[in-house]
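Asks: with the input below, show me the fold.
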Amino acid sequence: MTTSIDLTAPAASDIPRALPQRCKLCGAEQDAAPVAICENCLGPLEPLYPKDRRLPDRATIEGRAKSLWRYREFLPFSYGAADAGVRDGHLLSPDTGFTPLVDAPRLAARLGVARAWIKNDAVSHPTLSFKDRVVATAINAARSFGLETIGCASTGNLANAVAAHAARAGMQAWIFIPEDLEEGKVIGTLVYGPNLVRIRGHYDDVNRLCAQLADRFGWGIVNVNLRGYYGEGSKTMAFEIAEQLGWRLPNAVVAPMAGGSLVTKLRKGFGEFIAAGLVEGASPRIYGAQASGCAPIVRLLESGSGTLVPEIPKTIARSIAIGNPADGPFAVKAMKESGGWAQAVSDEELVEGIRILAETTGVFTETAGGVTVASALALAAKGHFRREDEIVLCITGNGLKTTDAVRDVLPKAPVIDAKVREVAALVAARS
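Replies: As a prediction, the model looks like this:
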């Protein structure tokens, strides 16, 4: 697909404008602003959509460019008269989204279900993870507020995405990561020329720092003070799944959990499509996956206590290693209400999950995807899936970012002379 880029700056009236917000807990409304916490009760804010907004039908959506902006009425912006805000050059990151939905019959057989599909955000544009979706919405909110600098606290993929989207938009980026992040993700951030800072400590230490920096410097920290707008980008994964299945819903969806937002937004996205009459039937059961070395949401669900206990991460799945997840209780609520559940798997199991996905579907995922596959297999073994089920596994990042995870478990390739007889000997040995 060829995308033309209009370098002419749009008129201020044509820039998509961020919507007001409302507290998820007390319902208090607030004007659009780079703020994510309710001033009344300290609850999380989320965008407030106009009750009279006109929603598109299937044909209208299908006629639009294949990006997440084909679902723009479900995203937290107003676009001006006659959709002026979505013409070329008026949206930042206009071509992110609409990743493949891959049929996976061999994986379905291992799971014991009728059909299995891979929602493959491992090939998301431009940085090969689903974080491109949330940054696409967050960066447009930042511009709406007149912010010139965006940033993030990140376990890796978000760092890549913020750096790349900021570079394309000509914005400054300040990115903060734990000091022990995988080298591939560090390089995959630095190449875009941001201000990258490594912090001694875990992700939760980085996140606390960024909450202070947003106020101190007036930056748009995408997963802090822009979080309400940022999170809505995740809904587009649900929208795409429904459309790519022929405007149908799967029976179940399995997704990794870090902060917990993705599973809540998947449930919200499916619900919005049902309410809009774009799909029919029951909303899918939502299943969340974590590594057992950092699984506070899984343990919150299993305990039934209602109190999330923070954890110190001890897992190779660094991209989802958040010990004190902001949306943990909301994730538990989404899974329980949908009829789903949660699963934690060991590092050894997630590495095997990476191999199984690659060997059965040709998709190479990072550690978070290994957690998703391994958890799906564990859930299947426990009887959570039915023979007639169609399930979707959300693969959120590319395996080229975490090659160290599988390096030591893969077979060594033999070295031979360029002779047919030596190849024949290898063929015979492996027959």
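Asks: any idea which helix or strand carries Asp132?
Replies: Per DSSP states H and E: Asp132 is located in helix 131-144.
Asks: and if you look at Ile241?
Replies: helix 235-244.
Asks: does the closest residue to Arg267 other than its chain neighbours lie in a helix or a strand, and which?
Replies: Nearest residue to Arg267 in three dimensions, chain neighbours excluded: Ala334, at 4.2 Å (Cβ to Cβ, 6 or more residues apart in numbering). Heads up, the C-betas are built off the backbone N, CA and C, glycines and all. If you go by DSSP H and E, Ala334 is part of helix 328-338.
Asks: by contact count, what packs against that helix?
Replies: Counting contacts by 3 or more Cβ pairs under 8 Å, 6 or more residues apart in numbering; DSSP states H and E, helix 328-338 is packed against helix 261-275, strand 285-291, helix 296-303.
Asks: quick one: distance of the longest one to the chain centre.
Replies: Average the C-alpha atoms of helix 261-275, do the same for its chain, and the two points are 13 Å apart (Cα atoms, centre = their mean, to the nearest Å).
Asks: in that helix, what counts as buried?
Replies: 261-274 (16 or more other Cβ atoms under 10 Å).
Asks: outside of it, which residues touch it?
Replies: Contact with helix 261-275 is made by 74, 130, 231-232, 234-239, 242, 249, 253, 255-257, 279-281, 283-284, 286, 288, 326-327, 330-331, 333-335, 337-338, 394, 396, as judged by Cβ atoms under 8 Å, 6 or more residues apart in numbering.
Asks: just the buried ones from those residues?
Replies: 74, 130, 231-232, 234-239, 242, 249, 253, 255-257, 279, 283-284, 286, 288, 326-327, 330-331, 333-335, 338, 394, 396.
Asks: any idea of the mean pLDDT in the helix holding Asp132?
Replies: Mean pLDDT, helix 131-144: 98.
Asks: centre of the chain to that helix, how far?
Replies: That offset, for helix 131-144, works out to 13 Å (Cα atoms, centre = their mean).
Asks: next: stretch 338-350.
Replies: For stretch 338-350, the distance to the chain centre is 17 Å (Cα atoms, centre = their mean).
Asks: likewise stretch 103-121?
Replies: With Cα atoms, centre = their mean, you get 20 Å for stretch 103-121.
Asks: who's in contact with that stretch?
Replies: In contact with stretch 103-121 (Cβ under 8 Å, 6+ apart) are residues 99-102, 129-130, 132-133, 237, 240-241, 245, 250, 356-357, 360-361, 363, 373, 376-377, 380, 385-397.
Asks: narrow these to those in strands?
Replies: Leu101, Val102, Glu390, Ile391, Val392, Leu393, Cys394, Ile395 (DSSP state E).
Asks: neighbours of the last one, just the number please.
Replies: In this case it means Ile395. Neighbours of Ile395 under the rule other Cβ atoms under 10 Å: 31.
Asks: excluding covalently adjacent residues, which one is nearest to it?
Replies: Ile395 sits nearest to Gly369 (Cβ to Cβ, 6+ apart), 4.3 Å away.
Asks: can you pull up the most central residue in the protein?
Replies: The chain has Phe130 as the residue nearest its centroid, 3.8 Å off, counting by Cα atoms, centre = their mean.
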